[in-house]
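Chemist: got a sequence here, can you model it:
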Amino acid sequence: MLIVFRIAGRRALSDITTLDFLLLLVIGQATGQALLGDDHSVTNAVLVIISLILFDLGFSLLKRRSSWASLHLEGEPMIVVEQGRLLRRRMDRARISESDILEAARISQGLERLDQIKFAILERNGQISIIAQD
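Modeler: Numbering: from 1, shown residues only. From the prediction side, this is the model:
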């Protein structure tokens, strides 16, 4: 499996997307079924795994060549704090709280209050990036 993912060009675990995570779950299920299932067919598992890796590579190429596909498959970053003001509708849509933002501000920038935050951006991978006021 390690060799397959090295060939497929997997990113670091912190950069994994939702699609990559789902792919890993399905591959794990296919591998487990081949090893522990009733048919013990390693050939079927290998074919499923290779098909899923090719499927993922195809999506990666599609996302690279089409901004529309990238937007709809992975989403886009979203500003949730602007000039120290919480953008509640966006926060509600993303299901994050003020405490999540303040935690990210403390960890990444050492900031303690909202008025110290110029922008807080919810990235595509779910992390919150903080840009401090000047």
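Chemist: every contact and neighbour count from this point should use C-alpha atoms.
Modeler: Noted.
Chemist: quick one: contacts for the most centrally placed residue in the chain?
Modeler: In the chain, the centroid-proximal residue (C-alpha atoms, centre = their mean) is Thr17; its distance is 2.8 Å. Shown in contact with Thr17 (C-alpha atoms under 8 Å, 6 or more residues apart in numbering): 74, 124-125.
Chemist: now restrict those to buried residues only.
Modeler: Arg124 (16 or more other C-alpha atoms under 10 Å).
Chemist: just checking, what packs against the one helix or strand Ala30 maps to?
Modeler: Applying DSSP states H and E as the criterion places Ala30 in helix 18-36. Other helices and strands packing on helix 18-36, by 3 or more C-alpha pairs under 8 Å, 6 or more residues apart in numbering; DSSP states H and E, are helix 42-65.
Chemist: pLDDT score assigned to Ser14?
Modeler: What the model reports as pLDDT for Ser14 is 56.
Chemist: just the one 5 residues further on next, same as before
Modeler: The per-residue pLDDT reported for Leu19 equals 74.
Chemist: swap in Arg6?
Modeler: pLDDT, Arg6: 63.
Chemist: for the residue nearest to Ile79 when sequence neighbours are not counted, what are its contacts?
Modeler: Nearest residue to Ile79 in three dimensions, chain neighbours excluded: Ile121, at 4.3 Å (C-alpha to C-alpha, 6 or more residues apart in numbering). Ile121 makes contact with 77-81, 128-130, according to C-alpha under 8 Å, 6+ apart.
Chemist: of those, buried ones?
Modeler: Buried among the contacts of Ile121 by 16+ other C-alpha under 10 Å: 77, 79-81, 128-130.
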